[in-house]
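> Let's see this in three dimensions:
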Amino acid sequence: MQQCEEFRILSLFQTWMWRKSYTLFRRLEKKVNKTVEHLHDFDTKVVRTLDTLDKGINTMVRFVGQMESMASDGSPDITAYNPKQFIKTGAYRSLEGELIHKVGMKPAQRVSGKDFDRYLSAKFHIYKDGSIVMEYRKPGSKHL
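From the prediction side, this is the model:
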């Protein structure tokens with residue numbers, strides 16, 4: 001009789017331990033899943049930020065390259081130097097558009113365009129000062 005009671009107590013204890021272990025395991029599993037989810041979110045944000053930085057650096061390199069090429073061609077004569085000559089370069093226009101977008105200036109008008117050439121989902125933002133910024137998605141890219 002005492003053995004039955006001990007067996008019953010042992011069985012109850014084992015059941016209690018199993019439930020406790022299972023509950024702990026489930027909590028740990030949820031915590032691991034939440035951590036993995038946070039890591040994915042972090043990774044996505046970092047990749048997006050690095051893509052933006054990379055794009056900005058490439059634009060600056062292009063702009064500096066165009067300035068160097070103009071300087072080596074003898075274009076900017078120091079005596080007749082006009083900083084507005086650099087404004088006409090494609091890299092400068094691209095840089096200006098990125099800065100306008102990053103600063104958060106609100107366009108006076110937005111015009112949605114169609115896909116054309118190598119630009120997808122093109123949108124044109126027209127600002128009060130007359131600046132026009134084209135926003136587009138490259139083929140194979142998921143965001144503008």
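> Would you map the strands across this protein?
109-112, 120-126, 132-137 (DSSP state E).
> rank those by mean pLDDT and give me the bottom one.
The minimum mean pLDDT among the strands of the chain belongs to strand 132-137 (a mean of 76).
> tell me what that strand is packed against?
helix 90-103, strand 120-126 (3 or more CB pairs under 8 Å, 6 or more residues apart in numbering; DSSP states H and E). C-beta coordinates here come from the backbone N, C-alpha and C atoms, glycine included.
> is it possible to export these to CSV including mean neighbour count and distance to His38?
Formatted as CSV, those follow (neighbours: other CB atoms under 10 Å; distance: least, CB to CB, whole Å):
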stretch, mean neighbour count, distance to His38
helix 90-103, 15, 26
strand 120-126, 16, 30
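> for the record, mean pLDDT for stretch 42-57?
Mean predicted lDDT for stretch 42-57 stands at 87.
> nope, stretch 85-99 is what I meant
Rounded mean pLDDT across stretch 85-99 is 72.
> thinking again about what came up before, now the helices and strands packed on strand 132-137 as JSON lines including distance to Glu68?
Output for the helices and strands packed on strand 132-137, formatted as JSON lines (distance: least, CB to CB, whole Å):
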{"stretch": "helix 90-103", "distance to Glu68": "11"}
{"stretch": "strand 120-126", "distance to Glu68": "30"}
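> and His101, how far is that from Tyr136?
12 Å (CB to CB, to the nearest Å).
> same thing with Thr23?
On the measure of CB to CB, Thr23 and Tyr136 end up 52 Å apart.
> Between those two, which is the more surrounded one?
Higher neighbour count among Thr23 and Tyr136: Tyr136, with 17 against 10, using other CB atoms under 10 Å.
> was I right about the more buried one contacting Asp117?
No: contact criterion CB atoms under 8 Å: Tyr136 and Asp117 do not qualify, at 9.6 Å.
> Need the overlap of contacts for these two.
Shared contacts of Tyr136 and Asp117, defined by CB atoms under 8 Å, 6 or more residues apart in numbering, are absent.
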